[in-house]
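Trainee: For reference, the sequence and a predicted model appear below.
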Amino acid sequence: MDPVSYLFSAYLNLVQQQVTDIYGTEAKTLVVEYEGEQVPFAFQFWQIQPKSVCRPYEQDVRRFSQCTVKAAALFQTLCDDMTRQDDSSWQLPKFRTMYCSAAIRYRPMIAEIGDAKQSPAKLAERACNQAILAAMDSEDETLLARRDQTCSAIR
């Protein structure tokens, strides 16, 4: 390549990079640590892609839920912090708009996983079954009476 071609090529690369930065045309992925949680997300055209938020954790419901709740708080915190800053660079208003938009629009997946609550009828049935098992092949009058008393409640 001759020197003019190198110069022209360098100029085109610079213009392309500036256009990419200004319009945010390239998808970018970030991982931000927030309150001890790694929060991954991607953005393009200065918009956070909602389906990308915490995507690596989708197979673990508890971890995914925790991450999405932290992500929502992170977006709100970044929005608040950037709102208080001066527009010292051309990127700050774009990032502020991106995070404030995400703070408003992004909805975390909230999951609470615990032991299933059993109805009183199921609990009574379980107690009856245990009393039946305890009284089986037994001639003990107290076990038989306990079985009869426990099972009379569900019949």
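Mentor: Here it is on my side, so go on. Residues are numbered from 1 along each chain as shown.
Trainee: Give the residue farthest from the middle of the chain.
Mentor: Glu139 (57.4 Å; CA atoms, centre = their mean).
Trainee: list the contacts for the closest residue to Val61 other than its chain neighbours?
Mentor: Distances taken as CB to CB, 6 or more residues apart in numbering place Ala111 nearest to Val61, at 5.3 Å, with adjacent residues excluded. For glycine as for every other residue, the C-beta is placed from the backbone atoms N, C-alpha and C. By CB atoms under 8 Å, 6 or more residues apart in numbering, the contact list for Ala111 reads 61-62, 64-65.
Trainee: quick check, nearest of the residues you listed to Gln38?
Mentor: Taking CB to CB as the measure, Phe64 is the one of the contacts of Ala111 closest to Gln38, at 12.3 Å.
Trainee: give me the number of residues near the closest one?
Mentor: Other residues near Phe64 come to 19 when the count uses other CB atoms under 10 Å.
Trainee: Quick check: it vs Cys100, distance?
Mentor: Noted for Phe64: a distance of 24 Å to Cys100, by CB to CB, to the nearest Å.
Trainee: Assign Pro108 to helix, strand or coil.
Mentor: Under DSSP: H, G, I helix; E, B strand; the rest coil, the three-state class of Pro108 is coil.
Trainee: quick one, what contacts it?
Mentor: 65, 68-69, 71-72.
Trainee: Got phi/psi on it?
Mentor: phi -70, psi 160 (degrees, to the nearest 10).
Trainee: cool, the one 3 residues further on as well?
Mentor: The phi and psi torsions at Ala111 (degrees, to the nearest 10) take the values phi -130, psi 130.
Trainee: Is it correct that Ala102 is in contact with Ile48?
Mentor: Yes. The criterion here is CB atoms under 8 Å, and Ala102 meets it with Ile48 at 4.3 Å.
Trainee: Give me the common contacts of those two.
Mentor: The overlap between the contact sets of Ala102 and Ile48 (CB under 8 Å, 6+ apart) consists of Phe75.
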